[in-house]
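>>> Structure of the sequence below:
(one chain, ligands or ions: 1)
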Amino acid sequence: MEELISKLNTLLSSIYVQRANIQAAHWNIKGCHAFITFHNYYGELYDYNSTHIDMLAEFVRIYGGTPTSTLTAFLVQSTVSEASAPAVNDVQASIQENLLSNANIHAQLMGVFKASDEAPDVNDYMAAMIADFGKRSWFLRSSSKVEPAKPSANLGEGLVKPEA
Ligand SMILES: [Fe+2]
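Got it, this is the predicted structure:
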């Protein structure tokens, strides 16, 4: 179970940092046509991340580990980097940043899914999150006016931070 607990803590940390990034965009996004849409949508996304942060930490406890729980440790363990302007106030930049962090987290979700054969509750939860993150990326791609940035080849490992 050690591998599973380690992967869950990395995922928990990444989703925690992504939530902070999304909440910053929810507060700071600008645009006369885009503000209401993205303020509301990013509000939904960080609520979604909050729900999963709690469940991922509880899975760590259920399987005998200690969930990562300090801001310092979240930043060290996260494979998603903190976002700053323009990724939190420009619509197109925030979409690109979210697409990269979603690709990063999607790869981690697949890793936890594959490592959770003996934890069917985690396995089922990962399957649902994989579907949700796929849908999230589709919404963001469809909202983007430009071709989405392609994740680097290493991003598939879920171990490489997207460039700031
Ligand atoms: Fe709000």
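>>> can you list the weak-confidence ranges in this protein?
Along the chain, the parts satisfying pLDDT under 70 run over 146-164.
>>> rerun that using 90 as the cut-off
Along the chain, segments meeting pLDDT under 90 span 1, 31-34, 144-164.
>>> center of it, which residue is that?
Ile15 (4.2 Å; CA atoms, centre = their mean).
>>> Which secondary structure elements does the host helix or strand of that residue sit against?
Assigned by DSSP states H and E, Ile15 belongs to helix 2-28. Judged by 3 or more CB pairs under 8 Å, 6 or more residues apart in numbering; DSSP states H and E, helix 2-28 is in contact with helix 35-62, helix 71-77, helix 91-114. Just so you know, the C-beta spots here come from the backbone N, C-alpha and C atoms, and that holds for glycine as well.
>>> What does Pro67 show for phi and psi?
Pro67 has phi and psi values of phi -70, psi 140 when expressed as degrees, to the nearest 10.
>>> My guess is it contacts Ile53. True?
No. Contact criterion CB atoms under 8 Å: Pro67 and Ile53 do not qualify, at 9.3 Å.
>>> Residues in contact with both of the two, list them for me.
Residues touching both Pro67 and Ile53 by CB atoms under 8 Å, 6 or more residues apart in numbering: Leu12.
>>> The helices and strands packed on helix 2-28: which one's closest to Asn123?
Smallest distance to Asn123 across these (CB to CB): 6.2 Å, for helix 91-114.
>>> how far is that closest one from where the chain is centred?
Distance, stretch centre to chain centre, for helix 91-114: 6 Å (CA atoms, centre = their mean, to the nearest Å).
>>> by contact count, what packs against that helix?
helix 2-28, helix 35-62, helix 120-143.
>>> between these, which gets nearest to Met110?
It's helix 120-143; of the helices and strands packed on helix 91-114, that one is closest to Met110 (CB to CB) at 6.8 Å.
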